[in-house]
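how would this look folded up:
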Amino acid sequence: MPALSPTMTEGNIATWKVKEGDSFAAGDVLLEIETDKASMDVEAQDDGILMKIMQGDGSKGVQVGVRIGVIAEPGDDISQLEIPADEKPAREAKKKTAAEEEEPKQATSSEQTGAQRQPRKSGEKAPPQKYPLYPSVAHLIKENGLDESAISEMTPTGPAGRLLKGDVLAYLGTVSPNRPEEIMKRFNHNAHLDLSNIKIAANQVAPKKTGKAATDEAPIVEERLVSLPVSLAAVIEAQTKVENTLGTFIPLSTFLERAAAVANDVLPLPSNYKPTTDELFNQVLGLDNVSPKASRGQYLPQIAALSPSTLTGVAPKPKAKVDIIDFLASSTKKTTPNLRKIPIRPGVSTGNNFFSLTVPKDEEKRAKVFLQRMKTVLESKPGNLIL
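Here you go, the predicted structure:
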């Protein structure tokens, strides 16, 4: 059982990630160990084969240093190998015998506490410590009554030469003197991200789908043509009145653009509209009925001129025939009215016009409201658009 922290004395085996007889490489996770503070993965330091699991999944209270598994070298035939005897029980028995041979010494509680806190003195000066010390380190030093000379003998293994709790415990003899250095090497090894075995994947071209699969991925949006006849007679009248009164000519396009802006304001929502998070929150609070649900549109209609016969169903009057002799003799006099010709955009009539929109099926009702508003604005009071 490895010690995953300087103060760890025992742990629980949550689960083995490698089974008996499986090979593993350096860096692979062998098992997951749980302590009273955290759950951590144990990685393999070298390649090998898991020969035998001594402490299975769910083992509780396994002491640090107790054998939990046996590992063989890569390429070994584990069927021909024998599991070596566990040396820890023999070492513990030897220590126990040596302790029994020593003459027991009676001491007071204060003397026993002092013996437990007897620091390990190496006699060598460590590199200069970096201050301030970590709060946990300063508390541990003060708790054990250590002075500045003792701190100068401790070897720091933390980042940027900082002193850690493990370094103090190693100096006091609570943990193995080499334990902080071993932990530092393992952390440095795990902190390095090895990208040498990563290869850039080749670009994969997705196969073209045909038939039903292609139809499902790209659904066809059903569109509707919404149209409405609109008369521009009132617009022409307002345009002429402004020009005669103020001497300013306002193009017909200005009337149409401003009418579209007015008609696009506060339109009803499409049938497939999805509410935002703010709107859903207002529904929970019951505030969705305070203001009507609407949004601004972005519609621009297509305009085409319509002949009177298209609207009324009455055939146009035939043109009067002109005698060729009179035409060549210039007997027919032309009378030109003394009126300024009003420029009209190509395809737009001074009378009835055909306003249309091509929209998705879900926006058909919304588009009809827009066209009806344009019709109302242009036919009722178009002068308000420029005043």
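
would Thr240 count as being in a helix?
Yes: the assignment for Thr240 (DSSP: H, G, I helix; E, B strand; the rest coil) places it in a helix.

low-confidence ranges, the stretch 201-350 of the chain, go.
Applying pLDDT under 70 to the stretch 201-350 of the chain flags residues 206-219, 287-294, 306-350.

how close does Lys381 get to Ser176?
Going from Lys381 to Ser176 by CB to CB, to the nearest Å gives 96 Å. Where C-beta positions appear, they are placed from N, C-alpha and C, glycine not excepted.

also Leu31?
With CB to CB as the criterion, Leu31 and Ser176 are 22 Å apart.

who has more neighbours, those two?
Between Leu31 and Ser176, Leu31 has the larger neighbour count (other CB atoms under 10 Å), namely 22 against 14.

for the more buried one, what are phi and psi?
Backbone torsions for Leu31, taken as degrees, to the nearest 10, come to phi -160, psi 170.

surely Val29 touches Val42?
Yes: if you go by CB atoms under 8 Å, Val29 and Val42 touch, sitting 7.0 Å apart.

pick out whichever of those two has more residues nearby.
Val42 (18 against 14).

who's that one bridged to?
Counting by DSSP bridges, Val42 forms beta bridges with Leu31.

check contacts around it.
By CB atoms under 8 Å, 6 or more residues apart in numbering, Val42 lies in contact with Pro2, Leu4, Val29, Leu30, Leu31, Glu32, Ile33.

now with 10 Å?
1-2, 4, 11, 13, 16-17, 29-33, 68 (CB atoms under 10 Å, 6 or more residues apart in numbering).

which strands and helices lie in contact with whichever strand or helix holds Leu228?
Following DSSP states H and E, one finds Leu228 within strand 223-231. Counting contacts by 3 or more CB pairs under 10 Å, 6 or more residues apart in numbering; DSSP states H and E, strand 223-231 is packed against strand 302-305, helix 308-312, strand 352-360, helix 364-380.

got the angle between it and strand 352-360?
Strand 223-231 runs at 160 degrees relative to strand 352-360, counting by axes from the mean of the first three to the mean of the last three CA atoms, to 10 degrees.

what pairs with strand 223-231, parallel or antiparallel?
Looking at strand 223-231 with DSSP bridges, its partner strands are strand 352-360 (antiparallel).

give me the distance between the two termini of stretch 35-50.
23 Å (CA to CA, to the nearest Å).

what helix or strand is the nearest residue to Ser380 once chain neighbours are set aside on?
Spatially, and ignoring its direct neighbours in sequence, Ser380 is nearest to Ala234 (7.2 Å; CB to CB, 6 or more residues apart in numbering). Here Ala234, judged by DSSP H and E, is contained in helix 233-246.

in that helix, what's buried?
Residues of helix 233-246 classed as buried under the neighbour-count rule (16 or more other CB atoms under 10 Å) are Ala234, Val235, Ile236, Ala238, Gln239, Val242.

out of those, which is nearest to Pro156?
Distance to Pro156, by CB to CB, is smallest for Val235 among these, at 87.6 Å.

what segments of this protein are strands?
10-16, 23-24, 29-34, 39-43, 48-53, 62-63, 69-72, 223-231, 267-268, 294-295, 302-305, 352-360 (DSSP state E).

contacting residues for the most centrally placed residue in the chain?
Nearest to the geometric centre of the chain sits Thr277, at 17.7 Å (CA atoms, centre = their mean). Residues in contact with Thr277 (CB under 10 Å, 6+ apart): none are found.

quick check: neighbours shared by Val29 and Val42?
Taking CB under 10 Å, 6+ apart as the criterion, Val29 and Val42 both touch Trp16, Lys17.

hang on, the earlier thing: what would the buried residues of helix 233-246 look like in TSV with distance to Ala85?
Below are the buried residues of helix 233-246 laid out as TSV (distance: CB to CB, whole Å):
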residue	distance to Ala85
Ala234	109
Val235	107
Ile236	111
Ala238	110
Gln239	110
Val242	111
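
of those, closest to Ser23?
Ser23 has its nearest neighbour among the buried residues of helix 233-246 in Val235, at 86.6 Å by CB to CB.

distance of the closest residue to that closest one other than its chain neighbours from Asp147?
Residue nearest to Val235 in three dimensions, not counting chain neighbours: Pro382, with 4.5 Å by CB to CB, 6+ apart. Pro382 sits 96 Å away from Asp147, going by CB to CB.

and if you look at Glu20?
Here the criterion is CB to CB. By it, Glu20 lies 53 Å from Asp147.

neighbour-wise, which of these two wins?
Taking neighbours as other CB under 10 Å, Glu20 and Asp147 compare with Glu20 leading, 13 against 8.

just the buried ones from the contacts of Val42?
Among those, those scoring as buried are Met1, Leu4, Gly11, Ile13, Trp16, Lys17, Leu30, Leu31, Glu32, Ile33, Ile68 (criterion: 16+ other CB under 10 Å).

next, format these as a markdown table and append distance to Leu133 and pLDDT.
Shown next, in a markdown table, are the buried ones among the contacts of Val42 (distance: CB to CB, whole Å; pLDDT from 0 to 100):
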| residue | distance to Leu133 | pLDDT |
| --- | --- | --- |
| Met1 | 31 | 84 |
| Leu4 | 24 | 76 |
| Gly11 | 29 | 87 |
| Ile13 | 35 | 89 |
| Trp16 | 40 | 89 |
| Lys17 | 38 | 89 |
| Leu30 | 35 | 87 |
| Leu31 | 35 | 89 |
| Glu32 | 33 | 89 |
| Ile33 | 30 | 88 |
| Ile68 | 36 | 86 |
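
pretty sure Asp22 contacts Ile49?
Yes: between Asp22 and Ile49 there is a contact under CB atoms under 10 Å: 7.2 Å.

so which of the two has more stuff around it?
Using other CB under 10 Å, the more surrounded residue of Asp22 and Ile49 is Ile49, with 20 against 12.

that concludes my questions; thank you for your assistance.
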